[in-house]
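S.K.: Sequence and predicted structure are below.
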Amino acid sequence: MVMMNSLSRSLLFFLEEVPQDLDELEKALVVKNYDSVYKLAHKIKPNVDLLGMEQTRAIALQIETLGKKEENTEEIERLVPLLKKDVDQVVSELKNDFKI
């Protein structure tokens, strides 16, 4: 039961926080605030890792690295929609599976 409560809290945190962080990341990208892009990708990374989303974590890591260096901004612009697509899909599946 304790594990389920811990799992439930982790899932609820993911469902609430990660989409908000992703929205903020998209807004930061629009205004070219790469420091925020870096910080938000860094914040998203462990949350997707928690759910075993290795490919999504790798995308977040790339965004984080490029944002920190403020390099290859075109690549960041290409990667953010991929990150969003992965997160949106998992959020939808979790909500459906857990009837949230």
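M.R.: Yes, it's here.

S.K.: Where does pLDDT dip in the protein?
M.R.: Filtered on pLDDT under 70, the chain yields the residue ranges 1-4.

S.K.: so what's the residue nearest the centre of it up against?
M.R.: When the chain is reduced to its mean C-alpha position, the closest residue under CA atoms, centre = their mean turns out to be residue 44, at 3.9 Å. Applying CB atoms under 8 Å, 6 or more residues apart in numbering, we find residue 44 in contact with 18, 21-22, 25, 60, 83, 87. Placement of C-beta: from N, CA and C, glycine included.

S.K.: what do you get if the cut-off is 7 Å, keeping everything else the same?
M.R.: Residue 44 makes contact with 18, 21-22, 60 under the criterion CB atoms under 7 Å, 6 or more residues apart in numbering.

S.K.: a markdown table for these, including secondary structure and distance to residue 35?
M.R.: Compiled in a markdown table, the contacts of residue 44 are given as follows (DSSP: H, G, I helix; E, B strand; the rest coil; distance: CB to CB, whole Å):
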| residue | secondary structure | distance to residue 35 |
| --- | --- | --- |
| 18 | helix | 20 |
| 21 | helix | 15 |
| 22 | helix | 17 |
| 60 | helix | 16 |
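
S.K.: Quick check on those: which are buried?
M.R.: Applying a neighbour-count criterion of 16 or more other CB atoms under 10 Å, the buried members of the contacts of residue 44 are 18, 21-22, 60.

S.K.: Closest one to residue 30 out of the residues you listed, please.
M.R.: residue 22 (13.0 Å; CB to CB).

S.K.: Residue 84 is in contact with that closest one, correct?
M.R.: Yes. Using CB atoms under 7 Å, residue 22 and residue 84 qualify as a contacting pair, with a distance of 5.7 Å.

S.K.: Need the residues that contact stretch 76-84.
M.R.: Contacts made with stretch 76-84 from outside it, assessed by CB under 7 Å, 6+ apart, are listed as 22, 25-26, 29, 37, 56, 59-60, 62-63, 66-67.
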